[in-house]
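>>> predicted model follows, preceded by the sequence.
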Amino acid sequence: MTNKLKPESLCVQAGWQPKKGEPRVLPIYQSTTFKYETSEQMAKLFDLEESGYFYTRLQNPTNDAVAAKIAALEGGVAAMLTSSGQAANFFAFFNICEAGDHIVSASSIYGGTYNLLAVTLKKLGIECTFIDQDASEEEIGKAFRPNTKLLFGETIANPGIMVLDIEKFARIAHKHGVPLVVDNTFATPINCRPFEWGADIVTHSTTKYMDGHATTVGGCIVDSGNFDWEAHADKYPGLCQPDPSYHGLTYSKAFGKMAFITKATSQLMRDLGSTQSPQNAFLLNLGLETLHLRMPQHCKNALAVATWLKNCDKVAWVHYPELPGDKYYDLAKKYLPNGSCGVLSFGLKGGRDIAIRFMDNLQLAAIVTHVADARTCVLHPASHTHRQLTDEQLIEAGVAPDLIRFSVGIENADDIIADIEQALNK
Ligand SMILES: Cc1ncc(COP(=O)(O)O)c(C=O)c1O
């Protein structure tokens, strides 16, 4: 029933489908373990012959209901919750890459993901080539190698606020026989559904707009079910060859379109254990119930703030894709016709030092590491999230040293602008 519903109804209704006499509201299954009557019943679960719950490190009914809601919102076939957005991206990559493999990624991405790709995955023998997402298809194509296993980008880059040309990226990925993985955190499925433009796998930091209240760290991976792993079987042995840890079961043969998420759940979660707590999944679900109401308000407020900043003589530059004249305006109109997100970036005349003083003078907008929740907040990436990057890497990641990341909340836009004005006047 829920698959036919529109996004607003999916936010409220998808996922938990209570049967007769069951709780109307999604319950928190606060249990590590699940009971069976016979040893054989349990054995079948361990062999993946039957589906069912046995241990929350792998699966939990609360988490699965929330994952199903996110899968429905994105238009995917299956999803898995993770303990954080970082875990979501790591699991999405590691599910199809192993030592000796290679990834091509947009360089303008979240600093944590950049570090994961540039430093930590390298230690596991997985290399990454970073490319300019605005380069031509031919130019980006040159980064691919025979051992490349996926192409990665963010729908709206954090913190550069660049809009990804998803169709172009999908064409490049598919031409090279690999899936396109898109981090859709900032847009959320309310504003963009990357599968409709050819992406194969979507990841989320649910910590951001999905939770929306800054109460829980979490992540999610959604699979479109569209990438034909078997057609590239030699490239993806983890999915298309027998898994010795499940008595030689082959995921692509046993689970078809569900292979990617089944492997991530039953193999990676089992071995690496980064599941979301059911309590957090419950809070995430509450956030999702109002996502469709909050996103338009974030976008409306952010456009008002961006327009005000653009007309302010103390401001050197503003990036917000919905501002006419912005470099990404046309891509935003195509991929984000109903609005982009509440995050914008700008620089002040006077550069880095003035940026820091301005932030210290804000009263309503708080300096926090977080971004994309109901309360307006602000961050200086070069001093905070991206401080591990060299100046060269900062520029490559689309982060000017004077860049202020401003995450517009759902308060009244006039109050947010008044706060910026008084801080600038100081
Ligand atoms: C686009 C994007 N992806 C992933 C992450 C990592 O998410 P988490 O902080 O939930 O681990 C972030 C965090 O800011 C992000 O902005």
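The structure has been received and is ready for your questions. Numbering: from 1, shown residues only.

>>> so Thr203 sits in a strand?
Yes. According to DSSP: H, G, I helix; E, B strand; the rest coil, Thr203 belongs to a strand.

>>> so what's it up against?
Listed by Cβ atoms under 8 Å, 6 or more residues apart in numbering, the contact partners of Thr203 are 85, 88-89, 92, 181-185, 219-222. In this view, the C-beta of every residue, glycine as well, is placed from N, C-alpha and C.

>>> between the helix or strand encompassing Asp64 and strand 201-205, how many degrees?
Using DSSP states H and E, Asp64 sits within helix 61-74. Between the axes of helix 61-74 and strand 201-205, defined by axes from the mean of the first three to the mean of the last three Cα atoms, to 10 degrees, the angle is 120 degrees.

>>> so after helix 61-74, what's the next helix or strand?
Following helix 61-74 in sequence, per DSSP H and E, is strand 78-82.

>>> what pLDDT does the model give the residue of the stretch 301-426 of the chain found nearest the ligand?
Closest contact between the stretch 301-426 of the chain and the ligand, by Cβ to the nearest ligand atom, is at Val371 (5.9 Å). Note for Val371: predicted pLDDT of 93.

>>> I'd assumed it was in a strand, is it?
No. Assessed with three-state DSSP, Val371 is coil; it does not lie in a strand.

>>> report how many residues lie close to it.
For Val371, the count of nearby residues is 26 (other Cβ atoms under 10 Å).

>>> let me see the contact set for the residue in the stretch 101-250 of the chain that the ligand sits nearest to.
Residue nearest to the ligand within the stretch 101-250 of the chain: Ser205 (3.0 Å; Cβ to the nearest ligand atom). Contacts of Ser205 were listed using Cβ under 8 Å, 6+ apart, and they are Ser84, Gly85, Gln86, Ala88, Tyr110, Asp183, Thr185, Gly218, Gly219.

>>> which residues touch Cys377?
Ala365, Ala366, Ile367, Val368, His370, Val371, Ser407, Gly409 are the contacts of Cys377 under Cβ under 8 Å, 6+ apart.

>>> change it to 6 Å
Ala366, Val368, His370, Ser407 (Cβ atoms under 6 Å, 6 or more residues apart in numbering).

>>> and Cys220, by the same measure?
Applying Cβ under 6 Å, 6+ apart to Cys220 gives the contacts Ile70, Ala79, Leu81, Ala88, His204, Thr206.

>>> bridging residues for the fifth one?
Here His204 shows beta-bridge partners Cys220, assigned using DSSP bridges.

>>> tell me if I'm right that it and Thr185 touch.
Yes. Between His204 and Thr185 a contact is recorded at 5.3 Å, counting by Cβ atoms under 6 Å.

>>> who in the stretch 51-200 of the chain is up against the ligand?
Residues of the stretch 51-200 of the chain found near the ligand (Cβ under 6 Å from any ligand atom) are Ser84, Gly85, Gln86, Tyr110, Gly112, Thr113, Glu154, Asn158, Asp183, Thr185.

>>> again, only this time at 8 Å
With Cβ under 8 Å from any ligand atom as the criterion, the stretch 51-200 of the chain comes near the ligand at residues 84-89, 109-110, 112-113, 154, 157-158, 183, 185-186.
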